[in-house]
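Trainee: Sequence first, predicted coordinates after that:
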Amino acid sequence: MPARRVLYFTAEDHYVYRCSRRSIELEARFSGDDLGVTEFREYLRGRKGALFSVVADLAGEDFHEDQIPFLRGSDRDAVLQRRLATRYRDTRLAAALSLGLITTGERRNERLLLASFTNTQQLAPWLDALEEAGARLAGVYSAPLVAPALAARLGARGGRTILVTANRAGLRQSFIEDGRLRFARLERTVEMVPQALAMFVRSETLRMTQYLATLRALPRDGSPLQVIVVAPRGQRAAFEQALASDTRLAFLTVDGAEAAAAIGLKQAPEASGAEALYVHLAARKPPREQFASRDDRRRYVLWRLQRGLVAAGLAGFAACGLYAGAKWLDASDVRARAAAQRAAAQAAAQQYERITAAFPVTHTTTDNLKATVVEFTRIAERSGSPEAAFAHVSRVLEKFPQFEIETLDWGVGRPDERREKPPAAGAKPAAGSDAAMRVELAGRIHATQRDDYRGITANVQRFAEALAVDGYELVRTQLPFDITSEGTLTGDIGAGQDRSEAPRFTVTLVRRLP
Amino acid sequence: MTFSREELRQLAIPALIALALLGGGAALIRMADQAVRVAQRDLGAAQSLRQQNADKLARIAEEEREVKQKLDVYARLKNLNILGEERRLEWADTIARIRTQRELLDLRYRVERQRLIASVPGKPANVDFYASPMRVELALLHEEDLVRFLADLRASGNAYYAVRRCVLTRTGQAAGSGAVMAPRLNGQCEIDLITIMDRAAKR
């Protein structure tokens, strides 16, 4: 960051301050005559490209309030230039400060404060010297232009405020309304004791308020006007004693050291007055409005553009760097995830290798092993075993001693024979029930009269029902006579029959294979 | 504000620096993008590889479980000589041995020619299931003789004995009614002697 220099310009002497972030130091002092200009030119030799601002603290500063139609852009600039040219003979150091908009009837106007120096010629040789030396002029300010920023830092509330400072050039009074400069004056001072200076401040402030009231810039009856007075270092007590507030003026006295601290100025030359505050603010926080023309500031604007371009490039690079950094972080995260996935894949592959290495010896291919076992299991499931059926029949026969079995026919086949009893409605067929064991029992029933159809039927039915358990289903029962509606029922009761032959029966059961 | 040629020349170097910086920034972004793309490609490949390996692992684990289950059955089939060529001589020996051991009064059998009952696709060759139908006729003192005969037959191996039909018929009076031990039951069974030909099996 190049050092900024501020040329503090008074009616008698001019001072060059070198400003850093929190301090200013007096670098040179020049007299206001031609010799001073020559010395200034010598001073500027070898300082080509140095950054300069000018803070003029002169008595002859004109302020004139005006109005223009509300305009923007180049139209506004043209109107302003015309107004300034009308008001001032030399517009090289003239400025138009906006005071806001007002509406009169249907028109919207912009209030302006036109400001310039009554004698710009005293500044011209110095500005020319800067131009010739190739210095970069950031702006030409007057102490009143910087005053609103200083007042704000010193605690000025909104509304009307008079800021009073004791500068090298004299007693500077700036009238600020709603944060905007309205009027200022400089009264020359001589060496005097603090009490006298304070009394001088009071009397000059009263004069100024009377003047402002005359201009109707102040209401005749209203709340007390706030007056912020920056007392020279160590003289605050004397000032506060002299500057008692009353119904018209409310004084707020700030010590010079406190004021410097309030604006971030830690170090200033011992001999400097309150101008150090204006110089520091002009260097660090310059106001937007200033007096120098575009041509005078051309080098500075160019320098700002150069720096702006590089700064924009740096900002773009930084933004790109940040974005790229975020992307790199993304990439790093994705790489970490990929590494985790690869590790998982490798672990799975190793486990696969372990399993295949320890795979049991099969003596055949895996496909044939599976095919063999699956088909064999299917065949085995469809194969039945007569032993269980024999055992089941034996258990039931023990409960029916009157039944004698002559033939037991066991077989495996499809359960396609007609059932005597249809399955219950809604009953689900057993799964895999396309093969079944079939058991057909044929025999005789003893201890029942051959002509006791009802008794025979009941006994055979009980026997068949006893058999039709544990998964066995009754398919058919055959009696020695036909009691169905489709058949023929015969009877030979009393004679003609061999009474010793027991009635025959047949019971057929099925049991589905799994 | 218009600039002179000299002023434009003075602005050129900062403008070039700014452009270079922006270009550098763009290059950084491009490199980062490229890195992200490469990393995402790697991630995709790694995910795919992990999925493939996980699938393979799941398949092999399932296959291992299945093979372990089935291998038991296969080994038993092999040990019982159900796998391989049919062994008619062994069958004849077995039936003769059972008749002697169980003191069966009369036992006749007839084994028909072998027939293919199923051919299951496998790798590298099909697995063929053959059945040799056998008809057995036994003279029995008690139905328990038939049960024991079937149990002995199964225990002998050399085939899977799938009993298709058994008919027990009473032929005489209960034992003990006469001095001579005469059969009182006749048993007739049809049994499929099933053997399996796995042509991929190691001998």
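Mentor: Nice, thanks for sending it over. Values in this document were obtained by computation on a predicted structure and should not be read as measured data.

Trainee: Could you use CA atoms for every contact and neighbour count after this?
Mentor: OK.

Trainee: If you count neighbours, what's buried in stretch A:203-221?
Mentor: Across stretch A:203-221, burial judged by 16 or more other CA atoms under 10 Å in any protein chain shown covers A:204-205, A:208-209, A:212, A:217-218.

Trainee: gap between it and the chain center?
Mentor: Counting by CA atoms, centre = their mean, to the nearest Å, stretch A:203-221 is centred 53 Å from the centre of its parent chain.

Trainee: quick one: secondary structure of B:Leu193?
Mentor: Secondary structure state of B:Leu193, per DSSP: H, G, I helix; E, B strand; the rest coil, is strand.

Trainee: residue contacts, it?
Mentor: B:Leu193 makes contacts with B:131-134, B:159-162, as judged by CA atoms under 8 Å, 6 or more residues apart in numbering or on different chains.

Trainee: Can you pull the phi/psi pair for the residue lying closest to A:Gly179 once chain neighbours are set aside?
Mentor: What sits nearest to A:Gly179 in space, not counting adjacent residues and going by CA to CA, 6 or more residues apart in numbering or on different chains, is A:Pro148, at 5.6 Å. Main-chain torsions, A:Pro148, degrees, to the nearest 10: phi -60, psi -40.

Trainee: contacting residues for A:Pro148?
Mentor: By CA under 8 Å, 6+ apart, the neighbours of A:Pro148 are A:176, A:179-181.

Trainee: quick one: which of those residues is nearest A:Gly36?
Mentor: The nearest member of the contacts of A:Pro148 to A:Gly36, counting by CA to CA, is A:Leu181 at 31.4 Å.

Trainee: so does stretch A:364-374 get close to chain B?
Mentor: Yes - counting by CA under 8 Å from any CA of the partner chain, contacts between stretch A:364-374 and chain B involve A:364-373.

Trainee: quick one, what contacts B:Asp33?
Mentor: Contacts of B:Asp33 by CA under 8 Å, 6+ apart are A:324, A:327.

Trainee: which SS class is it?
Mentor: B:Asp33 - assigned by three-state DSSP - is helix.

Trainee: who's in contact with B:Ile17?
Mentor: A:310, A:313.

Trainee: export the buried residues of stretch A:203-221 to CSV and tack on distance to A:Ala28?
Mentor: Formatted as CSV, these follow (distance: CA to CA, whole Å):
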residue, distance to A:Ala28
A:Glu204, 32
A:Thr205, 33
A:Met208, 34
A:Thr209, 37
A:Leu212, 37
A:Ala217, 40
A:Leu218, 41
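
Trainee: and the lengthiest helix in chain A, what does it pack onto?
Mentor: Longest helix of chain A, by residue count under DSSP state H: helix A:298-357. Helices and strands touching helix A:298-357, by 3 or more CA pairs under 8 Å, 6 or more residues apart in numbering or on different chains; DSSP states H and E, are strand A:136-142, helix B:5-79.

Trainee: between the shortest one and helix A:298-357, how many degrees?
Mentor: Which is strand A:136-142. Orientation check (axes from the mean of the first three to the mean of the last three CA atoms, to 10 degrees): strand A:136-142 against helix A:298-357 gives 120 degrees.

Trainee: Show residues contacting strand A:136-142.
Mentor: Applying CA under 8 Å, 6+ apart, the contact partners of strand A:136-142 are A:49-58, A:93, A:130-131, A:282, A:289-292, A:296-301, A:303.

Trainee: how about a cut-off of 6 Å?
Mentor: The set of residues external to strand A:136-142 that reach it, using CA atoms under 6 Å, 6 or more residues apart in numbering or on different chains, is A:49-57, A:290-292, A:297, A:299-300.

Trainee: Get me the contact residues on the stretch 401-514 of chain A for chain B.
Mentor: A:406-412 (CA under 6 Å from any CA of the partner chain).

Trainee: tell me the pLDDT at the residue nearest to A:Ala184 when sequence neighbours are not counted?
Mentor: The shortest distance from A:Ala184 to any non-neighbouring residue, by CA to CA, 6+ apart, is to A:Ser174 (4.2 Å). Reported pLDDT at A:Ser174 in the predicted model: 96.

Trainee: Between the contacts of strand A:136-142, which sits nearest A:Ala311?
Mentor: Nearest to A:Ala311 among the contacts of strand A:136-142, with distances taken as CA to CA, is A:Tyr300, at 15.7 Å.

Trainee: number of nearby residues for that closest one?
Mentor: 21 (other CA atoms under 10 Å in any protein chain shown).

Trainee: how long is stretch A:466-485 from one end to the other?
Mentor: 26 Å (CA to CA, to the nearest Å).

Trainee: Now do it: distance to the chain's middle.
Mentor: 84 Å.

Trainee: where does the residue nearest to A:Ala184 land in three-state SS?
Mentor: Applying three-state DSSP: A:Ser174 is strand.

Trainee: Just give me the residue closest to the centre of chain B.
Mentor: Centroid-nearest residue in chain B: B:Lys70, 5.6 Å away (criterion: CA atoms, centre = their mean).

Trainee: sorry, back to before: just put the buried residues of stretch A:203-221 in JSON lines and tack on secondary structure and pLDDT.
Mentor: Below are these laid out as JSON lines (DSSP: H, G, I helix; E, B strand; the rest coil; pLDDT from 0 to 100):
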{"residue": "A:Glu204", "secondary structure": "helix", "pLDDT": "94"}
{"residue": "A:Thr205", "secondary structure": "helix", "pLDDT": "94"}
{"residue": "A:Met208", "secondary structure": "helix", "pLDDT": "93"}
{"residue": "A:Thr209", "secondary structure": "helix", "pLDDT": "92"}
{"residue": "A:Leu212", "secondary structure": "helix", "pLDDT": "90"}
{"residue": "A:Ala217", "secondary structure": "coil", "pLDDT": "82"}
{"residue": "A:Leu218", "secondary structure": "coil", "pLDDT": "84"}
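
Trainee: from these, which two are the most distant?
Mentor: A:Glu204 and A:Ala217 (16.8 Å).

Trainee: what distance separates the start and the end of stretch A:182-198?
Mentor: 24 Å.

Trainee: tell me the average confidence for it?
Mentor: Per-residue scores along stretch A:182-198 average to 91.

Trainee: Show residues contacting it.
Mentor: A:59, A:170-176, A:238-239, A:242.

Trainee: Of those, just say which sits nearest to A:Leu329.
Mentor: Of all the contacts of stretch A:182-198, A:Leu329 sits closest to A:Ile176, with 53.8 Å by CA to CA.

Trainee: Mind listing what's buried along stretch A:244-258?
Mentor: Neighbour-count burial for stretch A:244-258 flags A:249-258 (criterion: 16+ other CA under 10 Å).

Trainee: No further questions, thank you.
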